[in-house]
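**Q** Just need the structure, nothing else, for what follows:
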Amino acid sequence: MMSTNMSVGSWVLNNTDVVPSDSLSFPFDDCGFLYGYGLFETIRVLDKVPLFLDDHLGRLHQSSIVMDLVFDIDLDQIKRNIQLLIEKNDIKDGVLNLYLTGGTRPGSLYELGLELPLFLGVVRERSSVELAPLELGVRQASFQRTPLDHLKTMAWVKNILEKRLAPEFNDVLLYDVNDVVLETTTANVFFVKGDHVITPALSDVLPGITRHFLVTRLDECGFFVEEREILLPELTEFDEIFLTNSIYGIISVGSVDGYGALCSGERFRSIKKYYDSSVLSLSRVGLFA
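**A** Coordinates of the predicted model:
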């Protein structure tokens, strides 16, 4: 998969203040960076508007409860500061990354009194190069899944390793020991069969924000959406496949290893056109902020 420019803007959001990035020292003692004890959100910025911001902040808040992370910053203040961050960096089409961690490590790991969390926001330009249709591998997940896999924690190592185990592909579609189809390492997956769009049930996958948009809105363009368990043998029965994530929205699949006829097609293009026009029109009137 094509990578995006990782150079962040010269202004960052540090808890409740937007400050120059060079005014911060590296958080050597932060529990998120030391141990992965933290959460993150990746948000597309379009026309200087962070898309689905309320949904992302809502997921971050719900996940913070599960992770026992303090997240008591006023949401209206966060949204104002995020908009200020985007304006100061003059980002029109970009990517916003938010991080919530346990904060500075206490003097002893046996003392877990983490009461001063770190909330960090950075923004960067998004690559203007169009993403080519992806080539997907298909493999059984190498690591046992746990309830934490439904959260966007900073301990993302399982996803990285799954992708590194299939270097010949752009990404890999995972299934579990019971042949239940899950997701890729970077995206939710959708299948198309006639006028039905089918995606794995939430009990099996990360609750993606773009995924949620399609599940709740695709009926507007004549599709019936099913959220259910999908078994590996069913892949031969579907007409099309596509992926979703927050950075790229609706993602085309060019091939699926071992399933020669399965790829994105005409229905994918119809869904992508609907999604792109929807987010563009809504961003122009500021309905995502």
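**Q** Give me the neighbour count for the residue lying closest to K88 once chain neighbours are set aside.
**A** Among residues not flanking K88 along the chain, W11 sits closest, at 4.2 Å (C-beta to C-beta, 6 or more residues apart in numbering). For glycine as for every other residue, the C-beta is placed from the backbone atoms N, C-alpha and C. When neighbours are defined as other C-beta atoms under 10 Å, W11 has 22 of them.
**Q** Bridge partners for W11, pull those for me.
**A** P20 (DSSP bridges).
**Q** OK, contacts around it?
**A** V18, V19, P20, S21, L85, K88, N89 (C-beta atoms under 8 Å, 6 or more residues apart in numbering).
**Q** Please apply the same query to V122.
**A** Per C-beta under 8 Å, 6+ apart, neighbours of V122: V8, G9, V12, L13, S21, L96, N97.
**Q** For the first one, the count of nearby residues, please.
**A** Residues contacting V8 under the criterion other C-beta under 10 Å number 17.
**Q** Quick check: it touching R124?
**A** Yes - using C-beta atoms under 8 Å, V8 makes contact with R124 at a distance of 4.7 Å.
**Q** okay, and the common contacts of those two?
**A** In contact with both V8 and R124: N97, using C-beta under 8 Å, 6+ apart.
**Q** follow-up on the earlier one: which members of the contacts of V122 occur in strands, if any?
**A** Taking DSSP state E as the definition of strands, these contribute V12, L13, L96, N97.
**Q** The nearest residue to D179 once chain neighbours are set aside and F190: what is the separation?
**A** Among residues not flanking D179 along the chain, L232 sits closest, at 4.1 Å (C-beta to C-beta, 6+ apart). Going from L232 to F190 by C-beta to C-beta, to the nearest Å gives 16 Å.
**Q** Between the two, point out the one with more neighbours.
**A** Higher neighbour count among L232 and F190: F190, with 27 against 16, using other C-beta under 10 Å.
**Q** if we can go back for a sec, for the residue nearest to D179, what are its contacts?
**A** V138, Y175, D179, V180, V181 are the contacts of L232 under C-beta under 8 Å, 6+ apart.
**Q** From H196, how far off is the fourth one?
**A** It refers to V180. 19 Å.
**Q** Looking at these two, which is more packed in?
**A** Ranked by neighbour count (other C-beta under 10 Å), V180 and H196 place V180 first, with 17 against 13.
**Q** Isn't the more buried one up against L231?
**A** Yes - using C-beta under 8 Å, V180 makes contact with L231 at a distance of 6.4 Å.
**Q** My understanding was that E125 contacts D93; is that so?
**A** Yes - in this structure, E125 is within contact of D93 by C-beta under 8 Å, at 7.1 Å.
**Q** the more surrounded of the two?
**A** Between E125 and D93, counted using other C-beta under 10 Å, the more crowded position is E125 (18 against 13).
**Q** Beta-bridge partners for the more buried one, please?
**A** Beta-bridge partners for E125, by DSSP bridges, are G94.
**Q** Just send the contacts of W11 back as a markdown table, with neighbour count too.
**A** Converted to a markdown table, those look like this (neighbours: other C-beta atoms under 10 Å):
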| residue | neighbour count |
| --- | --- |
| V18 | 19 |
| V19 | 14 |
| P20 | 11 |
| S21 | 13 |
| L85 | 22 |
| K88 | 17 |
| N89 | 23 |
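**Q** ok, of these, which one's closest to M154?
**A** S21 (19.1 Å; C-beta to C-beta).
**Q** Excluding chain neighbours, what is closest to that closest one?
**A** Take S21 and drop its neighbours on the chain: the residue closest to it by C-beta to C-beta, 6+ apart is V12, 4.7 Å away.
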